[in-house]
Structures are given as structure tokens and as C-alpha cells.
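>>> give the three-dimensional model of this entry:
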Amino acid sequence: MSRRTEKAAELRKQFRENGMPLYNCAQTCAMAFAEDLGMDERQLEALTVHFGGGMKMGSVCGAYTSGLMVMGLLGLDDNASRNAFVSGMKAKHENLTDCRDLLKRNMEKGGDKMTHCNRMIMDAIELIEQIREEKAGK
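All right, here's what the predicted structure looks like:
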């Protein structure tokens, strides 16, 4: 585990009184990179609040959207980096990008939502780290 995936796991262990995670997928992904970005976690929390749950309407998964935001802030703003991230996420998740479709497929397989969303977050973080390392090595 990297320090970013450890941070994400720590964030996902925090819950609201109603039992829901304190931070959504988009928030968790972005906040895991706060130190790298030189940004305050609260800023990233606020920036990404409406991107969890596929922009709160089942659209593109928050781990995808937040991952792309983080990549832009890290200077990974070229098409090759974006394509590597999106194709990497799709390869890991049956070519699905929308939260509603990802959750439906997970449910069909008998999976639980929390485990699924945590995996989406970790996959996004790991792909960003991989792409960043590959770019630095060139």
C-alpha cells in the first residue's frame, strides 16, 4: 500500500451517524493526494463533494472524475495520460464508467457497495501513481 492508498483507506473508515461513509469516492480519491498537490484536504473535499455517486445522479463514477481532476492538478494533462487512466479503469471494471452501471453489475455479482466503491477508489489512486511514475521515468 502506498501512503495515498493508506490515506484513502483511513478516510473510508470514517462514517456519518446514519452509517454512510463520511467522504464519497470522489472526495476520498482527491483528498488522498492533498499532500502531493499542496492543497488543504478541506478544499479538495469541497471541490469534489458533488462528484460522488456519479455527480449524485448515477453518471460517471466519482473515482473516474476525481482521478482525472487529480491528474490535471499533478500536470498529467496530456491525452496519453488521460487515455491511460480511462482505459485502465475500464479494463478493471468491465468497460463500465457510470456509477449506476458499476453498482448494478457489482450487485449482480453479489458484491456489497462499500467494498466496490473502495476498490474503485484504490484502482484510481493506483493508476494515477503508475501513470505518474511512468511519466517521471521518461
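
>>> which helix runs longest in this structure?
The helix that spans the most residues within the chain, counting by DSSP state H, is helix 113-137.

>>> roughly how far is that one from the heart of the chain?
Distance of helix 113-137 from its chain centroid, counting by Cα atoms, centre = their mean, to the nearest Å, is 7 Å.

>>> show the average pLDDT along that helix.
Helix 113-137 carries an average pLDDT of 96.

>>> show me what it is packed up against.
helix 3-12, helix 25-31, helix 62-73, helix 79-92, helix 99-108 (3 or more Cβ pairs under 8 Å, 6 or more residues apart in numbering; DSSP states H and E). Every residue, glycine included, has its C-beta placed from N, CA and C.

>>> how far away is residue 2 from residue 28?
14 Å (Cβ to Cβ, to the nearest Å).

>>> what about these two, which has more around it?
Ranked by neighbour count (other Cβ atoms under 10 Å), residue 2 and residue 28 place residue 28 first, with 32 against 12.

>>> where in the protein is pLDDT low?
Along the chain, segments meeting pLDDT under 70 span 138.

>>> tell me which residue is most central in it.
residue 63 (2.6 Å; Cα atoms, centre = their mean).

>>> wait, that residue touches residue 121, no?
Yes. Proximity of residue 63 to residue 121 meets the contact threshold set by Cβ atoms under 8 Å, at 5.2 Å.

>>> which residues are in contact with both of those two?
Here residue 63 and residue 121 have 25, 29 as joint contacts, going by Cβ atoms under 8 Å, 6 or more residues apart in numbering.

>>> endpoint to endpoint, stretch 57-64 covers what distance?
Stretch 57-64 has an end-to-end distance of 15 Å (criterion: Cα to Cα, to the nearest Å).

>>> likewise stretch 33-50?
Terminal-residue distance, stretch 33-50 (Cα to Cα): 18 Å.

>>> any idea how far it is from the chain center?
Stretch 33-50 sits 13 Å away from the centroid of its parent chain (Cα atoms, centre = their mean).
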